[in-house]
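> mind looking at a prediction? Sequence and model below.
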There are 2 protein chains.
Amino acid sequence: MCNELIQIGNPDRIQNFIEKIKEKKPLFICVIGNTETGKISGISAAGANPEITDFTPAADMEYLHFNRCKSIDGVPVTPDGIPTPALITKAALDLGDIPYMVVVGGAKILPKTPYIDLGGTFGTNISSGNAVKNPKKVFEKARLFGENISKVANYLVIGESIAGGTTTALSVLLALGYDASNKISSSLPNNPLELKLKIINEGFKKKNAKFGDFKNHPFKAIEYFGDPMQPACAGIVVGAANKIPIILAGGTQMAAIAALVKLIDKNSLENLVIGTTKWIIEDPQSDILDLVKQIDQNIPILGINFDFSSMKYKGLRVYEEGIVKEGVGAGGTSIACILNSKNKISIEKLQKKIEEDYEKIIMTPREERRFGPH
Amino acid sequence: MCNELIQIGNPDRIQNFIEKIKEKKPLFICVIGNTETGKISGISAAGANPEITDFTPAADMEYLHFNRCKSIDGVPVTPDGIPTPALITKAALDLGDIPYMVVVGGAKILPKTPYIDLGGTFGTNISSGNAVKNPKKVFEKARLFGENISKVANYLVIGESIAGGTTTALSVLLALGYDASNKISSSLPNNPLELKLKIINEGFKKKNAKFGDFKNHPFKAIEYFGDPMQPACAGIVVGAANKIPIILAGGTQMAAIAALVKLIDKNSLENLVIGTTKWIIEDPQSDILDLVKQIDQNIPILGINFDFSSMKYKGLRVYEEGIVKEGVGAGGTSIACILNSKNKISIEKLQKKIEEDYEKIIMTPREERRFGPH
């Protein structure tokens, strides 16, 4: 397992966490949302073009439920045609027989799946300085859901799908006063950091605010500069973490959630880890280790140690070049799949399944993808 | 326990079911919806007047979550001021520390709580012969949710809140060919059976159909003459029952669900019981025993053996006169609360809690009820 799982943090704390969740069935919760920020040209790779990124979270959820998308043809891809990390997530959920639920923090395009509604609305462009309506209300509903689900599930793996989410994560971390400018990752191979900061600065200017002005105001930070995934995700964590362990499944976006949770209910941080991929941990253009250290150095980071370099298909091999990297809880669900398998599922087996699923997608004719097999 | 629980059916099967769920924590799922049928004057007691019945399911869910309603002032009451059975449900959930979720089958008024959306729309008056849009789609989403939740929960207690639901249950049972006319209960002390049948006959006339014409067409029966709670409820059962036990928590409305499930996936009936109240089982104006016998004589019926005759308040004592009787999973959650308490919670203790909660409601000034305590 040592080779399969990168472990960063206090070894006792990590061991203790793993003992708590090992061989237990998790519940995967994917929190989705839309922010207009994701549609700014050059910001997000979560869609073949900016306009279609609105459909990406819904399509990701449909892929998890139906093995095909209903809101778009095919599966979400980057502008270069690289498939959504939901491919990895789906393989992990299937192999591990892991149940899942969709939570909508606020979306323009709703998935054609069952989903939990928290009364949120989609987010606007953060350059407006008015990003999310009523984040506190959404948080409170999410907290209630988290409380209830914590009495049923052994532990939670919480992922996200929101195009533009790394930009809004950066924005919130800056509002809260973190040194985050060079530390947030991107779904694009070349992190468009300058563009991100330009948009963020516009938003702060609109509010006559400086970085750090909201270091004690998590909900204001979300309201002005965040995205609708954030209050939903933070609420579930705060509702559930005092009862069951949580894997925050994602890259630097989940660092922003941890930073918000720290301000709302610090104790919740004691029962969680960040679970992500090797590609995030080793990303030269971001620094999740330092971000987490700034928030709370005791939060462990676990990373699934994938190696896609020998994959049959280029669309998967390029993950090794830092394209996509993470999303839809790909890293966290993979970790859960392996930890809960009683050593039956190796990382090789999971990678094999990902390859097979990818093959199925590219081999399926367009019409059949859309309407299902005959 | 014998005195606390009325048991009807094969004793071995009942014992076997109880063994499976005993001392395990359930998940309570309340499926809500609206049908315009509920707003016909004289049809439903689920609201002080017909117009307000639209708000009753949402208000019931708010009471479960917040101990007070947000969509209406106070709690839902009958035209005579008798409080909603959600009062019983809430006491059982609280005492038993039972988690819960709201599922919306199709509603005009959505609850200000987290809820699972299945893409359904509210139902129209069944006299139109076009009661529910796309019941199959809602069913399929509910089935997916049921499948997922069955991997997390030990067992389910599934209740409902939909004003007009006994009329739509009767209508569907008649469409499926059951001898049900004199056997469906009512929230009103005097079952308005003539009115119910008049409305139902209008619907059948619009479709040029006879009772029994849909005995092999469960989804057509719902589409023409049912309500939006039904496909959601049936879907959850079919999705979950092959993995975990289910208490269908309700009166004769749940008989209609069992009848639908029988046609869609007969095997699902093997892992469920109907859990209700003494007031339903002993109701001289309905006959759940015969209904269930017609559907599948092997389905056990459990009834919580409440005795409200010594309650301090008239609003509770009148339950003994057959007013309200059941709803919001009151009977099933009470059964689960007692069975899972390791003999710590007696029926007396539960009744005491119901009395205390009732007292709190009637003692709370209107303004505070609405806006919460200061």
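That came through fine.

> what segments of the stretch 101-250 of chain A are strands?
Per DSSP state E, counting those that start in this stretch, the stretch 101-250 of chain A carries strands over the ranges A:115-117, A:156-161, A:246-249.

> could you pull out the helices for the stretch 1-150 of chain A?
When secondary structure is read from DSSP state H, counting those that start in this stretch, the stretch 1-150 of chain A shows helices at A:11-21, A:56-66, A:86-96, A:135-150.

> give me the contacts around the third one.
Contacts with helix A:86-96, where a contact means C-beta atoms under 8 Å, 6 or more residues apart in numbering or on different chains, come from A:28, A:30, A:60, A:63-64, A:67, A:75-76, A:98, A:100, A:159, A:161, A:306, A:327-330, A:333-334, A:336-338, A:340-341, A:345, A:349-350, A:353-354, A:357-358, A:361. (Glycine included, C-beta is placed from N, CA and C.)

> isn't A:Ile158 right up against A:Val237?
Yes: with contact taken as C-beta atoms under 8 Å, A:Ile158 and A:Val237 are classed as touching, separated by 6.8 Å.

> how much space is there between the residue lying closest to A:Ala180 once chain neighbours are set aside and A:Glu19?
Leaving aside its sequence neighbours, A:Ala180 sits nearest to A:Leu173 (C-beta to C-beta, 6 or more residues apart in numbering or on different chains; 3.9 Å). Shown here: A:Leu173 relative to A:Glu19, a distance of 31 Å by C-beta to C-beta, to the nearest Å.

> comparing the two, which shows the higher neighbour count?
Here A:Leu173 and A:Glu19 are compared on neighbour count by other C-beta atoms under 10 Å in any protein chain shown; more neighbours surround A:Leu173, at 27 against 9.

> list the contacts of the more buried one.
Neighbour list for A:Leu173: A:Ala180, A:Ile184, A:Ala255, A:Ala256, A:Ala259, A:Leu291 [criterion: C-beta under 8 Å, 6+ apart].

> and the residue nearest to the fifth one when sequence neighbours are not counted, how many neighbours?
Of all residues beyond its chain neighbours, the one nearest A:Ala259 is A:Ile295 (5.0 Å), with distances taken as C-beta to C-beta, 6+ apart. Residue crowding around A:Ile295 was assessed by other C-beta under 10 Å; the count is 22.

> surely A:Ile295 is in contact with A:Ala258?
Yes: applying C-beta under 8 Å as the test, A:Ile295 and A:Ala258 come out as touching, 5.1 Å apart.

> mutual contacts of these two, please.
Contacts common to A:Ile295 and A:Ala258, judged by C-beta under 8 Å, 6+ apart, are A:Leu269.

> for the residue most central in space within chain A, give the beta-bridge partners.
Here the mean C-alpha position of chain A is nearest to the C-alpha of A:Glu160 (C-alpha atoms, centre = their mean), at a distance of 3.4 Å. Note on A:Glu160: beta-bridge partners A:Val31, judged by DSSP bridges.

> if we can go back for a sec, what's the overlap in contacts for A:Ile158 and A:Val237?
Counting by C-beta under 8 Å, 6+ apart, the contacts common to A:Ile158 and A:Val237 are A:Ile246, A:Leu248.

> residues contacting A:Ile40?
A:Pro50, A:Asn125, A:Gly164, A:Leu195, A:Ile199.

> quick one: pLDDT of it?
At A:Ile40, the predicted lDDT confidence score is 94.

> go on, A:Asp287?
pLDDT recorded at A:Asp287 is 96.

> wait, what's in contact with it?
By C-beta under 8 Å, 6+ apart, A:Asp287 lies in contact with A:Asn182, A:Lys183.

> rerun at 6 Å
A:Lys183 (C-beta atoms under 6 Å, 6 or more residues apart in numbering or on different chains).

> what's the answer for A:Ser334, then?
Counting by C-beta under 6 Å, 6+ apart, A:Ser334 has contacts A:Ala92, A:Ile304.

> now do the SS call for it.
helix (DSSP: H, G, I helix; E, B strand; the rest coil).

> how many neighbouring residues does A:Ala131 have?
Around A:Ala131 there are 27 other residues, counting by other C-beta under 10 Å.
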